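> The sequence isn't on hand, but the structure is:
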């Protein structure tokens, strides 16, 4: 199906991560002009930079900082004009869990600044871009997490930052229409996904067993599963009447155990084989 995205300009934060790379690739394949924002490392984008020299702009930005977020959109506008859609995908999670009683204020502050404040600044400067370049259509996708729905012990900073996405989305979907009459804001909540950020967990047979026992489909998402949903929602042609919605891409996970360890053993072997990584 033609999503009619060709020629659109989409900005993606966190573009060098697992989901971000797949998003960048899928949008470029659709003929989109992409501004791909990364923080420090853009090596993962190098192949795409060689293949899509005319349609891909890479920009280093620290989305925790207002000046950096503003400069990101300045460079995007200078290269491709109006940003038609923004994907607030950048996020971090600490690899080692910490009890709230032991969590430092610095860790708490940094997680919320990257995940929640970074999404706010992305939205703010995307909206300013819409003021500067009027048009009827626009799309903002916030990327949350199932941790924001179910919580996650030892990761209260992460789950809190992702839970805040829902309130932001519900407010901004009412604001965007004052800048673009058919503007839309939606939230995508990935569940467990095979990305470098989750490599430690999905390489541990015990952890994988615990995960897939809660998922009716008994599988962990690939980045393409998340990216294709976001691309679909970004399209004004196929999702033009979808706004203010939370789409959870987690194989039906609902936060409770559905299977015994024996019933998921084959799936555990699939993810923890050495060939996987």
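Received, thanks. These numbers were taken from a predicted model, which means no experiment stands behind them.
> Can you name the residues in contact with the strand ranked longest in the chain?
Assignment by DSSP state E gives strand 182-190 as the longest strand of the chain. With contact meaning CB atoms under 8 Å, 6 or more residues apart in numbering, strand 182-190 is reached by 19, 130, 136-146, 148-149, 162, 165-166, 169, 172-173, 176-177, 221, 226, 229-230, 233, 236, 239-240, 242-250. Yep, even glycine has a C-beta here, placed from its N, CA and C like the rest.
> Now, these that are in helices?
19, 130, 148-149, 162, 165-166, 169, 172-173, 226, 229-230, 233, 236, 239 (DSSP state H).
> among those residues, which two are most distant?
130 and 149 (29.1 Å; CB to CB).
> Tell me how far residue 57 lies from residue 45.
11 Å (CB to CB, to the nearest Å).
> rewinding a little: out of the ones in helices among the contacts of strand 182-190, the closest to residue 2 would be?
residue 236 (12.5 Å).
> The closest one and residue 139 touch, don't they?
Yes. In this structure, residue 236 is within contact of residue 139 by CB atoms under 8 Å, at 6.8 Å.
> From the contacts of strand 182-190, list the buried ones, please.
19, 130, 137-146, 148-149, 162, 165-166, 169, 172-173, 176-177, 221, 226, 229-230, 233, 236, 239, 243, 246-250 (16 or more other CB atoms under 10 Å).
> all helices for this protein, in order.
Along the chain, counting by DSSP H, helices occupy 18-29, 46-51, 66-80, 105-112, 118-132, 147-150, 156-175, 199-202, 205-212, 223-234, 236-239, 265-272.
> wait, which of those is closest to residue 258?
Closest among the helices of the chain, once you apply CB to CB, is helix 205-212, at 9.2 Å.
> How far away from the center of its chain is the closest one?
23 Å (CA atoms, centre = their mean, to the nearest Å).
> what ranges of the chain fall below the confidence cut-off?
Applying pLDDT under 70 to the chain flags residues 199-200, 273-277.
> Spatially central, which residue of it would that be?
The centre of the chain sits closest to residue 89, judged by CA atoms, centre = their mean, with a distance of 3.1 Å.
> Check whether that one really touches residue 17, as I assumed.
Yes. Here residue 89 reaches residue 17: they are 7.4 Å apart, a contact under CB under 8 Å.
> just to revisit the earlier point, go through the helices of the chain and name the closest to residue 9.
helix 66-80 (4.3 Å).
> Any buried residues in the closest one, and which?
Quick answer for helix 66-80 (16+ other CB under 10 Å): 68-69, 71-73, 75-77, 80.
> what residues does it touch?
By CB under 8 Å, 6+ apart, the residues outside helix 66-80 that reach it are 9, 11, 13, 33, 35, 37, 57, 59, 61-63, 83, 118, 121-122, 124-126, 128-129, 132-133.
> for it, the distance to its chain's centre please.
The answer for helix 66-80 is 19 Å, by CA atoms, centre = their mean.
> Please apply the same query to stretch 257-274.
With CA atoms, centre = their mean, you get 26 Å for stretch 257-274.
> List the contacts of it.
By CB under 8 Å, 6+ apart, the residues outside stretch 257-274 that reach it are 194, 202-205, 208-209, 212-216, 218-220, 276.
> Kindly report the same for stretch 19-28.
Contacts for stretch 19-28 (CB under 8 Å, 6+ apart): 5, 10, 12-15, 34, 36, 38, 44-45, 48, 51-52, 55-56, 87, 89-90, 143, 190, 193, 195, 223-224, 226-228, 230-231, 234.
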